[in-house]
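Chemist: my questions concern the predicted model and sequence given below.
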Amino acid sequence: MLSKRIIPCLDVAHGRVVKGVQFVDIIDAGDPVEAAIKYDEQGADELCFLDIRASHESRDTLYHMVTDVAEHVFMPLTVGGGVKEISDIENLLHAGADKVSINTAAIFNPEFVKEAAERFGSSTIVVAVDAKRVQKNGTDLWECFTHGGRKETGINAVDWAKRMSDYGAGEILLTSMDCDGTKEGYDIPLTRAVAEAIPANVIASGGVGNLEHMAEGLTEGKADAVLAASIFHFGEYTIAEAKNYLNNQGIPVRNLA
Amino acid sequence: MNNISLIDYGMGNMHSIAKALEHVGGKVQLVKTPEELSHASRVVLPGVGAFRDCAATLKASGLGEAIKEKCAEGTPFLGICLGMQVMLTSSLEFGLYPGLNLIRGTAKHFPESHPERGYKIPHMGWNDITFSSEKEIHPVLKPLKNQQVYYVHSFYCAPENPDHIQGVCSYGEFPFASAIGRDNMMGVQFHPEKSQRAGMALLEAFLKWNP
């Protein structure tokens, strides 16, 4: 049976891990290769690296980092942050990424996603959707935001995910801006609304604080994968513990023999 | 005999697969011409992208014929993902296109998505490989017993002869050939170079395989 995936996410800048990695037994917490090896040993199903600076000057550093990681761990790697052009995708794939996540560029130029999916295949293209709950004409809905949740776009997030899926995105990395950082759980209604609306895979992100939240995202939220940062980085849970828990809940996960 | 000729026909990233082969002790030579392939003692054909482009590039470069010759000589051969699909007679991806015909069969698209049954296309993620209880597990696949491997694909291999199916995966309720092979030829639908320890174990077994 196809397993639900657990994906640790690492924020990077200038080729270094920048946010909250505090593995007790790692001396240099900012080393992406060491972090990747650690998660690999724990049985992560995939790794996600997001370049939060994503400046033009730091691109080469990012490519080198991806190559370095890909030489040490043999698992799927998703890389995002500042992907604007076909050549950005090409460079990341050549560096060793398996999937590339497109965020703001998709909002400004939706056709870019279509072009990218046609060129590199749906399974390579992830579209990151940052959604926030808003009230419009007395009803609750979710809207896409950019710039870390600061800029409103007026685009309905569920419709947008559907459009991106139609354009060939193989996965939607769905982050709830309301839940992100709260540790109170994923936005389950949002996750479920998107998962039920599109044929592409949905990765739930933002708000996970414990293993129960993970299970909820995968069952109630109907997500195909869960993304998590802090609960793994700070050693609150290992990935093996998460898998054990999910396994006991009857959720199909990959166990390491 | 750890020398591996890795076919580089200009599609996709050779980096991961080359590094994975080196990780298990292989000495990798990137091969771009039929001449370079003539010395090969083991051949790996990776592949991403569309069948049509892959088959056309192999044909135009002469590598396709060279691969067939090496396979006929008995050189151990491993096709990965699209590299497995081009081993077949043909593919129905965007039309009908001929493959290398190393194993008779056709690459077909999965039936339409059934999101409500947890069945999406592409088939992407970690899934099983299971083996027939009626025959011995192929030596290259032995390390994969009770392991999951990483799949990314929308098309699957349908060999004509069921004896050529070496491993099966069920996607939703849909079973397909996860590994095919005969004699010195083996093809796997999943990505050993992305399947962590299970994948490394398979590549190691391929290096030791003496068909």
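Modeler: That came through, no problem.

Chemist: how about the residues of the stretch 101-250 of chain A near chain B?
Modeler: A:121-123, A:170-171, A:195-196, A:198-201, A:224-225 (CB under 8 Å from any CB of the partner chain). (C-beta placed from N, C-alpha, C; glycine too.)

Chemist: tell me the one of these nearest A:Asn137?
Modeler: Nearest to A:Asn137 among those: A:Glu196, at 22.6 Å, using CB to CB.

Chemist: can I take it that the closest one is in a helix?
Modeler: Yes. A:Glu196: assigned to a helix according to DSSP: H, G, I helix; E, B strand; the rest coil.

Chemist: how about low-confidence regions in chain B?
Modeler: Along chain B, segments meeting pLDDT under 70 span B:1, B:11-13, B:113-118.

Chemist: which stretches of it form strands?
Modeler: B:3-7, B:27-31, B:43-45, B:77-80, B:88-91, B:97-98, B:103-109, B:123-128, B:148-153, B:155-159, B:165-171, B:174-182, B:185-188 (DSSP state E).

Chemist: what about the residues of the stretch 101-250 of chain A next to chain B, which are in helices?
Modeler: A:Ala195, A:Glu196 (DSSP state H).

Chemist: who wins for most neighbours among the residues of the stretch 101-250 of chain A next to chain B?
Modeler: A:Ala200 (29 neighbours; other CB atoms under 10 Å in any protein chain shown).

Chemist: pretty sure that residue contacts A:Ala169?
Modeler: Yes. With contact defined as CB atoms under 8 Å, A:Ala200 counts as touching A:Ala169 (5.6 Å).

Chemist: now do the shared contacts for these two.
Modeler: Listed as contacting both A:Ala200 and A:Ala169 by CB atoms under 8 Å, 6 or more residues apart in numbering or on different chains are A:Ser122.

Chemist: now for the residues of the stretch 101-250 of chain A next to chain B: which two are most distant?
Modeler: Taking CB to CB, no two of these sit farther apart than A:Gly121 and A:Glu196, at 24.6 Å.

Chemist: related to what we said a few turns ago, make JSON lines from the residues of the stretch 101-250 of chain A next to chain B and add pLDDT to it.
Modeler: Formatted as JSON lines, these follow (pLDDT from 0 to 100):
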{"residue": "A:Gly121", "pLDDT": "84"}
{"residue": "A:Ser122", "pLDDT": "87"}
{"residue": "A:Ser123", "pLDDT": "88"}
{"residue": "A:Gly170", "pLDDT": "92"}
{"residue": "A:Glu171", "pLDDT": "95"}
{"residue": "A:Ala195", "pLDDT": "95"}
{"residue": "A:Glu196", "pLDDT": "94"}
{"residue": "A:Ile198", "pLDDT": "92"}
{"residue": "A:Pro199", "pLDDT": "87"}
{"residue": "A:Ala200", "pLDDT": "90"}
{"residue": "A:Asn201", "pLDDT": "93"}
{"residue": "A:Asp224", "pLDDT": "95"}
{"residue": "A:Ala225", "pLDDT": "97"}
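
Chemist: near chain A, which residues of chain B?
Modeler: B:12-13, B:15-16, B:19-20, B:23, B:48-49, B:113, B:115, B:118, B:120-128, B:146-148, B:150, B:152-154, B:170-172, B:193-197, B:199-200.

Chemist: could you give me the PyMOL syntax to select whichever of those residues are buried?
Modeler: Filtering the residues of chain B next to chain A down to the buried ones (16 or more other CB atoms under 10 Å in any protein chain shown) takes a single PyMOL command:
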select buried, chain B and resi 12+13+15+16+19+20+23+48+49+115+120+121+122+123+124+125+126+127+128+147+148+150+152+153+171+172+193+194+195+196+197+199+200
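
Chemist: what does the longest helix anywhere in chain A contact?
Modeler: Assignment by DSSP H gives helix A:59-72 as the longest helix of chain A. Contacts to helix A:59-72, defined as CB under 8 Å, 6+ apart, come from residues A:12, A:14-16, A:32-33, A:36-37, A:40, A:47, A:49, A:51, A:54, A:77, A:79, A:81-82, A:88, A:91-92, A:94-97, B:15-16, B:19.

Chemist: quick one: the helices in the stretch 101-250 of chain A, in order.
Modeler: With DSSP state H, counting those that start in this stretch as the criterion, the stretch 101-250 of chain A has helices at A:104-108, A:111-120, A:157-166, A:188-197, A:211-218, A:230-233, A:239-248.

Chemist: worst average pLDDT in those helices?
Modeler: Lowest mean pLDDT within the helices of the stretch 101-250 of chain A: helix A:230-233, at a mean of 85.

Chemist: still on that earlier bit, which of the helices of the stretch 101-250 of chain A sits most buried?
Modeler: Most buried of these by mean neighbour count (mean count of other CB atoms under 10 Å in any protein chain shown) is helix A:211-218; its value is a mean of 23.

Chemist: which residues touch A:Gly82?
Modeler: Residues near A:Gly82 by CB under 8 Å, 6+ apart: A:Asp51, A:Arg53, A:Ala54, A:Ser55, A:Arg59, A:Asp88.

Chemist: again, only this time at 7 Å
Modeler: A:Gly82 sits next to A:Asp51, A:Ala54 when contact means CB atoms under 7 Å, 6 or more residues apart in numbering or on different chains.

Chemist: that one should be in a helix, yeah?
Modeler: No. Per three-state DSSP, A:Gly82 lies outside any helix segment and is coil.

Chemist: I'd like the distance between it and chain B.
Modeler: 20 Å (CB to the nearest CB, to the nearest Å).

Chemist: now A:Gly235
Modeler: 21 Å.

Chemist: and that residue, how many neighbours?
Modeler: A:Gly235: 12 neighbours (other CB under 10 Å).

Chemist: per-residue confidence for it?
Modeler: 81.

Chemist: kindly list the main-chain dihedrals of it?
Modeler: In terms of degrees, to the nearest 10, the main-chain angles of A:Gly235 are phi 70, psi 20.

Chemist: contact partners of the longest helix along chain B?
Modeler: If you go by DSSP H, chain B has its longest helix at helix B:196-208. The contact list for helix B:196-208 (CB under 7 Å, 6+ apart) reads A:40, A:74-75, B:2, B:20-21, B:23-26, B:76, B:78, B:139-144, B:147, B:149, B:191-193.
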